[in-house]
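Undergrad: 3D model of this:
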Amino acid sequence: MIEQTETEMRVTLAEIARGLLDEPYRVRIFLGSGQAWEIELLTDSRQIHQIQTQRGPTRTWLALDKAIEAALTYCTDAKSISVEIGSIVLESR
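TA: Numbering: from 1, shown residues only. Purely as a prediction, here's the structure:
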């Protein structure tokens, strides 16, 4: 599970794909408060980057497989990808 930090920022998937983050990061996929899947990135400097849409609100997915597909497609430089389903955490390395 990713620990919360003091610094939260927002980025789009396109910005991530273009290499906006210049430091290593991990991907966290989790069920958000709106009962839709969300993606966050946690950098080694402990910043959290929430994925947003081009227009600003947090990007969400209704299907878990689509959220995983987005992470695999756009977050190719990620150190790891974790999926949180309740108290279960599945993580790739």
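Undergrad: check which residues of the longest helix along the chain are buried.
TA: If you go by DSSP state H, the chain has its longest helix at helix 64-74. By neighbour count on 16 or more other C-beta atoms under 10 Å, the buried set for helix 64-74 is A67, I68, A70, A71, Y74. Where you see a C-beta, it was placed from the backbone N, CA and C, and this is true even at glycine.
Undergrad: which single one of those residues is nearest to D22?
TA: Y74 (16.2 Å; C-beta to C-beta).
Undergrad: that closest one: what's it in contact with?
TA: L13, A14, I16, A17 (C-beta atoms under 8 Å, 6 or more residues apart in numbering).
Undergrad: turn the buried residues of helix 64-74 into JSON lines, columns for pLDDT and distance to I51.
TA: What follows is those, written out as JSON lines (pLDDT from 0 to 100; distance: C-beta to C-beta, whole Å):
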{"residue": "A67", "pLDDT": "97", "distance to I51": "9"}
{"residue": "I68", "pLDDT": "97", "distance to I51": "13"}
{"residue": "A70", "pLDDT": "96", "distance to I51": "8"}
{"residue": "A71", "pLDDT": "96", "distance to I51": "9"}
{"residue": "Y74", "pLDDT": "94", "distance to I51": "9"}
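Undergrad: list just the nearest of the residues you listed to I48.
TA: Once C-beta to C-beta is applied, the member of the buried residues of helix 64-74 that ends up nearest I48 is A71, at 15.1 Å.
Undergrad: shouldn't V83 be in contact with V89?
TA: Yes - here V83 lies in contact with V89, judged by C-beta atoms under 8 Å, at a distance of 7.3 Å.
Undergrad: quick one: which of those two has more around it?
TA: Taking neighbours as other C-beta atoms under 10 Å, V83 and V89 compare with V83 leading, 19 against 13.
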